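Colleague: below: sequence and its predicted model.
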Amino acid sequence: MRRVVSSPQIPVGLKPYFQEYDVARLDIDRDANLIIQRVLEFGTWNEIRWLFETYRSKRIRLFLRGYGERGLKPVTFNYWRKLLGIRRWKKHPFPTSKKELWNH
């Protein structure tokens, strides 16, 4: 079932964050995880407002639980996780300790 939203088009200000995609061909439903990830990471408050109007907090929480730790920078993931009260999420499959990869 497709939901009715006031502005299903991706805001113009976000287009630079979808450089590798044809923004006109992105689908609000099919590409929801990609859109949610980019807006949470790079969006302004107006774009965040658009995101919550388009997907609602339940869908955004679903993204954070399933993909947030892998798809967002740690600081961004922790910000949204705490703000939305997410206590359980799918852990990243390849955890690394600080300086573990590039210790020269």
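Modeller: Cool, got the structure.
Colleague: what sits up against the longest helix belonging to the chain?
Modeller: Counting residues, the longest helix in the chain under DSSP state H turns out to be helix 45-63. When contacts are defined by CB atoms under 8 Å, 6 or more residues apart in numbering, helix 45-63 is touched by residues 5-8, 11, 13-14, 28, 32-33, 35-37, 39-40, 43, 71, 80, 84, 86. (Glycine included, C-beta is placed from N, CA and C.)
Colleague: let's see it at 7 Å
Modeller: With contacts defined as CB atoms under 7 Å, 6 or more residues apart in numbering, helix 45-63 is touched by 5-8, 11, 13-14, 28, 32-33, 36, 39, 43, 84, 86.
Colleague: center of this protein - which residue?
Modeller: residue 37 (1.9 Å; CA atoms, centre = their mean).
Colleague: what's near enough to touch that residue?
Modeller: If you count contacts by CB under 7 Å, 6+ apart, then residue 37 has 71-72 around it.
Colleague: can you give me the buried ones in the lowest-mean-pLDDT helix or strand in the chain?
Modeller: For the chain, the helix or strand with the lowest mean confidence is helix 69-71, at a mean of 88 (criterion: mean pLDDT, DSSP states H and E). Across helix 69-71, burial judged by 16 or more other CB atoms under 10 Å covers 69, 71.
Colleague: and that helix, how far from the chain's centre?
Modeller: The chain centroid and the centroid of helix 69-71 are separated by 9 Å under CA atoms, centre = their mean, to the nearest Å.
Colleague: for the remainder of this discussion, apply numbering that starts at 248.
Modeller: New numbering, starting at 248: the last item is helix 316-318.
Colleague: who are the packing partners of it?
Modeller: In terms of contact count using 3 or more CB pairs under 7 Å, 6 or more residues apart in numbering; DSSP states H and E, helix 316-318 is assigned no packing partners among helices or strands.
Colleague: can you give me the buried ones in the very next helix or strand once past that helix?
Modeller: Stepping forward along the backbone from helix 316-318, the first helix or strand reached (DSSP states H and E) is helix 321-330. Taking 16+ other CB under 10 Å as the basis for neighbour counts, the residues of helix 321-330 that come out buried are 324, 327-328.
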